[in-house]
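A.B. asks: Provided below are the primary sequence and the corresponding predicted coordinates.
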Protein chains: 2
Amino acid sequence: MNVDGKHFRSIWLGDDGWSAEIIDQTRLPHEFVIERLETLEDAAKAIEVMQVRGAPLIGATAAYGICLALREDAGDEALEAAEARLRRTRPTAVNLMWALEEMLAAVRNLPRSDRLAAAYRRAAEICDDDVATNRSIGEHGLGIIEQIAANKPGETVNILTHCNAGWLATVDWGTALSPIYLAHDKGLPVHVWADETRPRNQGAALTAWELNSHGVSHAIIADNAGGHLMQHGRVDMVITGTDRTAGNGDVCNKIGTYLKALAARDNDVPFYVALPHSTIDWAIADGMRDIPIEERDGAEVTHMRGRMADGAMMTIEISSPGSPAANPAFDVTPASLVTRLITERGVCQASRAGLLSLYPEQGDA
Amino acid sequence: MNVDGKHFRSIWLGDDGWSAEIIDQTRLPHEFVIERLETLEDAAKAIEVMQVRGAPLIGATAAYGICLALREDAGDEALEAAEARLRRTRPTAVNLMWALEEMLAAVRNLPRSDRLAAAYRRAAEICDDDVATNRSIGEHGLGIIEQIAANKPGETVNILTHCNAGWLATVDWGTALSPIYLAHDKGLPVHVWADETRPRNQGAALTAWELNSHGVSHAIIADNAGGHLMQHGRVDMVITGTDRTAGNGDVCNKIGTYLKALAARDNDVPFYVALPHSTIDWAIADGMRDIPIEERDGAEVTHMRGRMADGAMMTIEISSPGSPAANPAFDVTPASLVTRLITERGVCQASRAGLLSLYPEQGDA
C-alpha cells in the first residue's frame, strides 16, 4: 500500500534485478528504513530478528533467501544447506516451511544452470499469489463494509481491529485490513479503531503506521477500550486476522481477540475474521482444546521500547520491579463468537461445514 | 498495609500536627517518595496530577485540602473558594463531592475560630471511617474466598483484579484487595492476576507494587490475557473496585472492567465488585445510560513513562507518530454481569433491591 503517496510492497526485487528489498519493521513506526538483502544470511537474519514478520512475508523472504543462496552456489549441497538455514529461523512458522518446499520443488530437478532463473520466477509467483489472495479477501470483505455503509448513508463506518493483519504482515494488502484499504480507496468513509495490542503493541505501532501512511482515518485505543466503544454504538464491525484457524472455525489469534469477540456479541456488533486458506489447520477439529498457546517472555509485559524526545530509542521498565509477569501470546476465539470468516474464496460460517463449502476438496481428506 | 514490613496508610497527618503526608503515587512503583501537602493548592494539585488517586483517598485528600485552606483563611468566602477549587480537580469523582460536603457541614455553621480544629477532626474521622469501612468490606469478601478455598482444599485460589483498588486507592486495606490481604494474612493460599490496566498501568505499577510489598503471590498480565486464563480454568474469581455504582447496581470502573466481566460470565467465573457505600450514586437509576465517561488525553495511550536501565525515569513514544489516540477512562459494567456486590454492610445482589436490602434507609428517599 502507500507510504506518503508512493506504493510499496513489504518485499520486492531490487533495481539490480537480483537483491531483495524489505522494510525493516523493527525500525517502524519511528523510522522507515529499506534494507537490501544480498545473501542467504541476510534473508535468514531478517526473519530471525523480525525485520520481517507475518506468515506470508516470512515465506516470501525465505523464498528470496533460496534465490540469493543459489546465486552463490547452485549445487545440491548448497541448496540443502540454504533450506536448513532458513528453516531454523522461525521453527514454528508453518508458512515458512510451505514456501521452502515450494522453492525446492521448483528447482530441485532442474540442471544447475537453470535453477537460479527458476527460483526467481517461483519467488515472484509466491509474492504475486499472496497479493492476489489478499486482494481477493479484501474484495469479499468490501462487500460487507458496503452493506453496512448502505445502512447508514453519509455516515462513517467504524471498524475495530486487533493486532496487525495489514500489508506489513503480508506482501501487500494484508488480510483484516485489505477490505478496509479497498473501501478507503473506493471513497467509502471508514474509520478504524486500532487496538494497541499489548504487550507487543503491533496495533499502535504497525497498524496505526500503515493506516496513517495510506491516509486512512483511525485512532489508537487501549485494548481495554473496545468494549466501551461497542456499548455506545461507536463500532459497526470488528475484523481481525488469525494465526491459525481450526477445522471447526475456532480462531487462534493474538491475545485479547477473544475479549473483543465477547464484547461484539454482547452488543450485536458483527465480528469477522479474515484469513487466507494457508492458515486453516484442517487437522485440528477443536481449536479451543487442541491449539497450543505460546507462552512468551514476561519481559515483553514489564518492559517497553519506544522513542525518546531526542529521537533515540530506549527500553524502559514500566511495571513494579520484582513483580513477575505471565505472557500468553494468543487466545482462541470459539467459532460461536465469529459472525463470518472471510477468505480468498468468499465469506462463510465459522464452522467445518462453512469452511468445506468454500474448500470442498478438503472434504475428501 | 505493609511496605517492607512497616505499616503505612496512604495519607496521614504529619508530625507537625497540621500538614498532610501522602505517598507520591506518580513515582511508584519505581520510587517510594513521601510528599508533604502544606496548602490547599498542594492538595488540589496532588489530586489533579494523580499523586493521589482512588475515590476514598481523593476524598480524604480533599478533606485535608479544606483543613489546609482554613489554616490560611477561615472565612466563608475562602471556604467556598476552597471547595470550588477542590471540586474541579476530578469532576466525575462522586466521593470527592461527598467528602467536600462532609467537611463543609462540619465547619460551615461554626464560628471562624472553631472551624480549623473541627475540620481536622472531621478529616481524621473520614480517614478512620474509611479504614474501618474497607476492613469490613474485606471481612465480607474473605467469606467468599474461604468458600472457594473450601471447594479446592490445598490448592491456591486464583483471583483476577483490574486497575488498583488496593490500599493505595483508599486510606488503608483497599476495597477489591482488602479481602485478599485478609485471606493472605490469615494464611489462605491466594494468587492474584494483576491486569496491567492500560493506559495508565495502575495494575502493573500499583497493584503489583502493593502485593509485592505486602508479600502476596501475584503476576502481572496484559489486559488482553484475562479471558484466556478464564477459558483455561486459571481464575477462580474476579474482584474489582468501582468508581461509581448506580442505584440499579451498574458499576462504573476503570476502562476494560466490562471486558473482564464478559469473560467471567462466559466462563462461569464469579465476578465481584467491592465498594464502600460512598461510591453508590442513588440518583442514577441506570448506570449504562446516565454515567458520563471521562475522555482523557490521548498522550496517555501514545506515550509511556518508566525506568531506564540506569535508574532514571524517561517518557517514550510507543506508537506510530502522527496517529491520534482515543482514551475513554472508564466503562460501565451492567449489573447483570456482576455476581454480587461486596460492601461494608455485607454482600448483596447487584440491583436496586439488593442495595436496598443493605441500605434500607435509602428506600425512603
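C.D. replies: Right, received. Where do you want to start? Bear in mind the structure is a predicted one, so any value in this text is a computation, not a measurement.
A.B. asks: and the closest residue to chain B within the stretch 1-150 of chain A, how far is that from B:T315?
C.D. replies: Per C-beta to the nearest C-beta, A:P29 is where the stretch 1-150 of chain A lies closest to chain B, at 3.6 Å. Using the backbone N, CA and C atoms, a C-beta is placed for each residue, glycine as well. Distance from A:P29 to B:T315, counting by C-beta to C-beta, to the nearest Å: 17 Å.
A.B. asks: These two: which has the busier surroundings?
C.D. replies: Set A:P29 next to B:T315 and count neighbours by other C-beta atoms under 10 Å in any protein chain shown: A:P29 wins out with 25 against 15.
A.B. asks: Thought B:E317 was touching that one, still the case?
C.D. replies: No - using C-beta atoms under 8 Å, A:P29 is not in contact with B:E317, being 9.1 Å away.
A.B. asks: Now A:H162: closest residue in space that isn't a chain neighbour?
C.D. replies: A:D195 (4.4 Å; C-beta to C-beta, 6 or more residues apart in numbering or on different chains).
A.B. asks: Please verify my assumption that that neighbour contacts A:C163.
C.D. replies: Yes - the pair A:D195 / A:C163 is scored as a contact, 7.2 Å apart, by C-beta under 8 Å.
A.B. asks: list residues touching both of those two?
C.D. replies: The contact sets of A:D195 and A:C163 overlap at A:G203 (C-beta atoms under 8 Å, 6 or more residues apart in numbering or on different chains).
A.B. asks: Now the residue nearest to A:H162, what are its backbone angles?
C.D. replies: Torsion angles at A:D195 (phi, psi; degrees, to the nearest 10) stand at phi -60, psi 130.
A.B. asks: now do A:L358
C.D. replies: phi -90, psi -30.
A.B. asks: For it, list the residues it contacts.
C.D. replies: A:T343, A:R345, A:G346, A:C348.
A.B. asks: ok, which pair from the residues you listed is furthest apart?
C.D. replies: Farthest-apart pair in the contacts of A:L358 is A:R345 and A:C348; separation 8.2 Å (C-beta to C-beta).
A.B. asks: where along chain A do the helices fall?
C.D. replies: A:40-48, A:55-72, A:76-87, A:94-107, A:112-150, A:178-185, A:202, A:208-214, A:226-231, A:257-266, A:287-290, A:299-302, A:352-358 (DSSP state H).
A.B. asks: Format these as TSV; extra columns: distance to B:G5.
C.D. replies: Compiled in TSV, the helices of chain A are given as follows (distance: least, C-beta to C-beta, whole Å):
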stretch	distance to B:G5
helix A:40-48	46
helix A:55-72	51
helix A:76-87	53
helix A:94-107	52
helix A:112-150	58
helix A:178-185	55
helix A:202	42
helix A:208-214	45
helix A:226-231	40
helix A:257-266	38
helix A:287-290	45
helix A:299-302	24
helix A:352-358	58
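A.B. asks: quick one: is stretch A:1-14 near chain B?
C.D. replies: No - if you take C-beta under 8 Å from any C-beta of the partner chain as the test, stretch A:1-14 misses chain B, and the best it gets is 11.2 Å.
A.B. asks: now the helices of chain A in CSV, with mean pLDDT?
C.D. replies: What follows is these, written out as CSV (pLDDT from 0 to 100):
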stretch, mean pLDDT
helix A:40-48, 97
helix A:55-72, 96
helix A:76-87, 97
helix A:94-107, 94
helix A:112-150, 98
helix A:178-185, 98
helix A:202, 96
helix A:208-214, 98
helix A:226-231, 98
helix A:257-266, 98
helix A:287-290, 92
helix A:299-302, 98
helix A:352-358, 98
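A.B. asks: Indicate which one of those helices is closest to B:H303.
C.D. replies: Per C-beta to C-beta, nearest to B:H303 of the helices of chain A: helix A:208-214, 13.7 Å.
A.B. asks: Which residues does that closest one contact?
C.D. replies: Identification of contacts with helix A:208-214 by C-beta under 8 Å, 6+ apart yields A:1-4, A:28-29, A:164, A:166-168, A:174, A:177, A:180-181, A:184, A:192, A:194, A:217-218, A:220, B:319-320, B:322-323.
A.B. asks: Got a ChimeraX select line for the buried ones in the residues you listed?
C.D. replies: ChimeraX command restricting the contacts of helix A:208-214 to the buried ones, with burial defined by 16 or more other C-beta atoms under 10 Å in any protein chain shown:
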select /A:1,28,29,164,166,167,168,174,177,180,181,184,192,194,218,220 /B:319,320,323
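A.B. asks: Show me the contacts of helix A:208-214 that map onto strands.
C.D. replies: A:N2, A:V3, A:V192, A:A194, A:S217, A:H218, A:I220 (DSSP state E).
A.B. asks: Of A:R345 and A:C348, give the one with the bigger neighbour count.
C.D. replies: Neighbours per residue (other C-beta under 10 Å) separate A:R345 from A:C348, with A:C348 holding more: 19 against 16.
A.B. asks: quick one: contacts for the more buried one?
C.D. replies: A:C348 neighbours (C-beta under 8 Å, 6+ apart): A:R340, A:L341, A:G354, A:L355, A:S357, A:L358.
A.B. asks: That one bridge partners, please.
C.D. replies: On DSSP bridges, the residues paired with A:C348 through beta bridges are A:L341.
A.B. asks: how far away is it from chain B?
C.D. replies: Relative to chain B, A:C348 is positioned 24 Å away (C-beta to the nearest C-beta, to the nearest Å).
A.B. asks: A:L341 too?
C.D. replies: 20 Å.
A.B. asks: Leaving out the residues flanking it, which one is nearest to A:A246?
C.D. replies: Using C-beta to C-beta, 6+ apart and skipping the chain neighbours, the partner closest in space to A:A246 is A:G287 (3.0 Å).
A.B. asks: In contact with the one you found, which residues are there?
C.D. replies: With contact set as C-beta under 8 Å, 6+ apart, A:G287 has these partners: A:R244, A:T245, A:A246, A:N248, A:G249, A:D250, A:V251, A:C252, A:V332, A:P334, A:A335.
A.B. asks: mind running it again at 7 Å?
C.D. replies: With contacts defined as C-beta atoms under 7 Å, 6 or more residues apart in numbering or on different chains, A:G287 is in contact with A:A246, A:N248, A:D250, A:V251, A:C252, A:V332.
A.B. asks: coming back round to it: quick check on the residue of the stretch 1-150 of chain A closest to chain B: phi, psi?
C.D. replies: phi -90, psi 0.
A.B. asks: And A:W18, by the same measure?
C.D. replies: The phi/psi pair for A:W18 (degrees, to the nearest 10) reads phi -140, psi -30.
A.B. asks: OK, contacts around it?
C.D. replies: A:R71.
A.B. asks: redo that, cut-off 10 Å
C.D. replies: Contact analysis of A:W18 by C-beta atoms under 10 Å, 6 or more residues apart in numbering or on different chains lists A:E38, A:Y64, A:C67, A:L68, A:R71, A:L116, A:Y120.
A.B. asks: if we can go back for a sec, which one of the contacts of A:C348 sits in the busiest neighbourhood?
C.D. replies: Counting by other C-beta under 10 Å, top hit in those: A:L355 with 27 neighbours.
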